[in-house]
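Visitor: Here is a sequence with its predicted model. Questions after.
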Amino acid sequence: MCASKIFGHLAGSMPPDQTDAAAAHSDRRLLAKRHCNVSSNLSKALIHVPSGDLTHVPTSISAVRSFPVAGTFVGDAAACRADALDKITAQLRPVDHVMRLEDSEHVVNSLQLKFNLIRMCASKIFGHLAGSMPPDQTDAAAAHSDQVNHAAVAELVRAADSPAPRAALALACAAQPAANGGLGVTID
């Protein structure tokens with residue numbers, strides 16, 4: 001069984017009656033079954049329609065404006081931007097739980113655990129999208145990632161308990177590599 005997505009792209013060069021592309025997809029599925037004994041899992045089939053009407057796509061196939069490829073999104077810029085923000089929001093949701101950890105019989109040294117989870121995990125989540133998608137498609141995701149990580153680090157270094165200049169300095173130092181005396185947290 002193949003775990004990859006089956007992908008069809010209905011480009012602007014398609015005729016106005018784009019049902020031909022859906023028929024071609026159906027024919028390809030039938031030929032693959034007949035000659036290779038390979039069946040498509042329609043829950044994994046996508047047809048990318050960059051713009052226009054999506055009603056011509058069969059209901060058994062998901063018609064999308066963007067689709068995931070290697071952890072990023074490809075397709076319409078606005079749809080990719082929304083998908084990137086949704087992905088980062090979902091991936092950073094556990095930060096709230098991490099920040100509520102308290103020392104208990106099951107968790108000891110919770111402050112150190114929080115620092116390490118924020119430093120090694122949460123602050124690095126956005127890096128792959130940043131390096132593989134255009135900036136105009138990741139700016140909202142970057143802002144959200146920065147906000148979540150900045151708030152977490154500010155809580156960890158107790159910035160609210162310090163005068164504003166010292167809090168700003170602590171946050172700036174947190175972004176420095178550990179070898180330079182910082183925490184190695186990517187926050188801006």
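Guide: All right, it came through fine. Residues are numbered from 1 along each chain as shown.
Visitor: For N180, see how far away K114 is.
Guide: From K114 across to N180, the span is 21 Å (Cβ to Cβ, to the nearest Å). C-beta coordinates here come from the backbone N, C-alpha and C atoms, glycine included.
Visitor: So between those two, which is more surrounded?
Guide: Ranked by neighbour count (other Cβ atoms under 10 Å), K114 and N180 place K114 first, with 21 against 8.
Visitor: For my notes, confirm the more buried one occurs in a helix.
Guide: Yes. Assessed by DSSP: H, G, I helix; E, B strand; the rest coil, K114 belongs to a helix.
Visitor: ok, it - contacts?
Guide: By Cβ atoms under 8 Å, 6 or more residues apart in numbering, the contact list for K114 reads V98, M99, L101, A152, L156.
Visitor: now those residues: which count as buried?
Guide: Buried by 16 or more other Cβ atoms under 10 Å: V98, M99, A152, L156, out of the contacts of K114.
Visitor: Would you map out the domains in the chain?
Guide: 6-64, 77-180 (automatic domain parsing).
Visitor: Which one, of the ones you listed, ends up nearest to G71?
Guide: The closest of the domains of the chain to G71 is domain 77-180. By Cβ to Cβ, the value is 5.4 Å.
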